[in-house]
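**Student:** coordinates for the following, if possible.
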Amino acid sequence: MLLSGLQGVLSNKLRSILTLLGVLIGVGAVILLLAVGNGSAQQVAASIDSLGTNTLTVRATGGQGSGTSQQITTETSSQLANAGLGHVSSVVPEATTTQTVSSTNASETDISIIGTTPDYFTVTTATVAEGTAFTTSDVTSGARDAVVGQTLATELFPTGTALGRSISVDGSPFTVTGILSEQSSTGFTDPNSELIAPITRVQESFSGYGAVSSLLVAAKSSGDVTAAEDETTIELNQLLGATTADEPFTVSSASTLLATQAASAKSFTVLLGVVAAISLLVGGIGVTNVMLVTVTERTREIGIRKALGATRPAILGQFLVEAAMLTLIGGILGVVLAVIGAQFTIDGTTPVILGFSIPLALGVSVAIGVFFGVYPAARAAAMRPIQALRSI
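**Tutor:** Below you'll find the model as predicted:
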């Protein structure tokens, strides 16, 4: 039966190839699109996780509640750090802006400038690979020191090291004292193209001495995050004269971001899978069309086989095997195509193939072949020998 099925597939090579293409594209699309969704989810998860599992981020909501007109400033940061909160180890302010950064060799626009304190390098995963970070005395004096990401360092000084070189940030001179280790992308900004400087210098030169962009609050351990979040919220409400009903800020943790991201990624991956499954369904309909044409063309063969004693199950099995073989071969080629495609970056995302997607796509493709091949096969098996032989 398998041999007969293979001979049937090879009897019309062009038609079989076109049918295989439909199944190939469907299976390849299912595996590759699921891989893109999974890769995107892993990329964002890794970026969020790089913030640190014991780090909280405090951001102003932009609207102050009744009874308070205060903003979150560096003074607020110092007061929060000195409040003696039992589950908080440190508080780091951030003043961020975007500027043009230039050297004698190149100029880069829309570079993220982060003004902060030396604790930034202990609270976050940003580590200095070459040179040194700025110190507390540099923050006090407003030193024009800068720590830059690897990508920015290479772009500004493509033929030599950036360490110790002078750069211009929107016309203000800075000296590169350190170069960061390579970091994973967050999907929104490239941390390897950032510039980190003393917060006093960034405020004086660019952002002003008003509100800071955010506070990074480090809990003493990952198990203290929830307690640290509660303590931070209560203390900030007291410092800003706000209540829980009109808090002018939000406190979020990496775990909260991960939970939100996981839900979004799941919906995104399912959506991609549904879109790809439609193309696989279209391929299955193509199998039906081809098998119906095949049955019509092979009426004589069916009549002769039945006249020679072939049973109905034998005829039915032969055409089902042909349909299953077409979709299986197409499915295997689709897997190969998807594996090759996953080696390339797609719109900034590296696909990560889900382990279950390959056997699932193969199984579904064969099941579709059998399902859509049942009607043509049943039609062939139901032919009466005398009717089939009349067409000879």
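
**Student:** wait, what's in contact with G164?
**Tutor:** 131, 175-177 (C-beta atoms under 8 Å, 6 or more residues apart in numbering). Glycine gets a C-beta too; all of them are placed from N, C-alpha and C.

**Student:** ok, it to I111 distance?
**Tutor:** Here the criterion is C-beta to C-beta, to the nearest Å. By it, G164 lies 19 Å from I111.

**Student:** equivalent analysis for G84, please.
**Tutor:** From G84 to I111 the distance is 38 Å (C-beta to C-beta).

**Student:** and those two? Which one has more around it.
**Tutor:** Neighbours were counted for G84 and for I111 using other C-beta atoms under 10 Å; I111 has more, 24 against 8.

**Student:** partner residues bridging that one?
**Tutor:** Beta-bridge partners for I111, by DSSP bridges, are Q99.

**Student:** that one contacts N192, correct?
**Tutor:** No - using C-beta atoms under 8 Å, I111 is not in contact with N192; the gap is 11.1 Å.

**Student:** and for these two, which residues touch both?
**Tutor:** What both I111 and N192 touch, as defined by C-beta under 8 Å, 6+ apart, is the set L152.

**Student:** would you say A129 is within a helix?
**Tutor:** No - using DSSP: H, G, I helix; E, B strand; the rest coil, the secondary structure at A129 is strand, not a helix.

**Student:** find the nearest non-adjacent residue to it, please.
**Tutor:** S181 (4.2 Å; C-beta to C-beta, 6 or more residues apart in numbering).

**Student:** can you pull the contacts of the one you found?
**Tutor:** Residues near S181 by C-beta under 8 Å, 6+ apart: 126-129, 150.

**Student:** mind checking which of the residues you listed are buried?
**Tutor:** Buried by 16 or more other C-beta atoms under 10 Å: 126, 128, 150, out of the contacts of S181.

**Student:** tell me the contacts of the residue lying closest to S213 once chain neighbours are set aside?
**Tutor:** Once flanking residues are discounted, S213 sits nearest to T96: 4.3 Å by C-beta to C-beta, 6+ apart. Contacts for T96 (C-beta under 8 Å, 6+ apart) come out as 112-115, 207, 213-214.

**Student:** farthest-separated two in those residues?
**Tutor:** I113 and S214 (13.9 Å; C-beta to C-beta).

**Student:** quick one: the strands in this structure?
**Tutor:** Secondary structure of the chain (DSSP state E): strands located at 55-60, 88-102, 107-116, 128-131, 145-148, 166-169, 172-180, 195-198, 214-219, 249-253.

**Student:** G309 is nearest to which of those strands?
**Tutor:** strand 249-253 (74.6 Å).

**Student:** I'd like to know how many residues surround G355.
**Tutor:** Neighbours around G355, by other C-beta under 10 Å: 7.

**Student:** tell me the spacing between the closest residue to Y375 other than its chain neighbours and A361.
**Tutor:** In space, and not counting its chain neighbours, Y375 is closest to T288: 6.7 Å by C-beta to C-beta, 6+ apart. Separation of T288 from A361 (C-beta to C-beta): 19 Å.

**Student:** who's more crowded, the two?
**Tutor:** Legend: neighbour count by other C-beta under 10 Å for T288 and A361, higher for A361 (27 against 18).

**Student:** residues in contact with D138?
**Tutor:** So, once contact is read as C-beta under 8 Å, 6+ apart, D138 ends up touching 145, 198.

**Student:** tell me the pLDDT at it?
**Tutor:** For D138, the pLDDT comes out at 96.

**Student:** quick one: it from S279, how far?
**Tutor:** 58 Å.

**Student:** with P351 instead?
**Tutor:** Taking C-beta to C-beta, one finds P351 at 17 Å from S279.

**Student:** do I have it right that P93 meets E75?
**Tutor:** No - when contacts are counted by C-beta under 8 Å, P93 is not listed as touching E75 (9.5 Å).

**Student:** if we can go back for a sec, how about the contacts of S181 in a markdown table, adding distance to E235?
**Tutor:** What follows is these, written out as a markdown table (distance: C-beta to C-beta, whole Å):
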| residue | distance to E235 |
| --- | --- |
| A126 | 26 |
| T127 | 29 |
| V128 | 31 |
| A129 | 35 |
| Q150 | 37 |
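
**Student:** just curious, which of the residues you listed is nearest to T244?
**Tutor:** Closest approach to T244 among the contacts of S181 (C-beta to C-beta): A126, at 32.9 Å.

**Student:** not counting sequence-adjacent ones, nearest residue to the closest one?
**Tutor:** A126's closest residue in space is L180 (C-beta to C-beta, 6+ apart), at 5.6 Å.

**Student:** spit out the contact partners of that neighbour.
**Tutor:** 126-129, 147-150, 191-192, 194, 196.

**Student:** one step back: looking at P93 and E75, which one has more neighbours?
**Tutor:** More crowded of P93 and E75, by other C-beta under 10 Å: P93, with 27 against 14.

**Student:** so what's the more buried one bridging to?
**Tutor:** L215.

**Student:** now do the contacts for it.
**Tutor:** Neighbours of P93 in contact, by C-beta under 8 Å, 6+ apart: 73-74, 77, 116-117, 199, 212, 214-216.

**Student:** return the distance of stretch 308-324 from the chain's centre.
**Tutor:** Put simply, stretch 308-324 sits 47 Å off its chain's centre (C-alpha atoms, centre = their mean, to the nearest Å).

**Student:** may I see the buried residues of that stretch?
**Tutor:** Of the residues in stretch 308-324, those buried (16+ other C-beta under 10 Å) are 310, 315-324.
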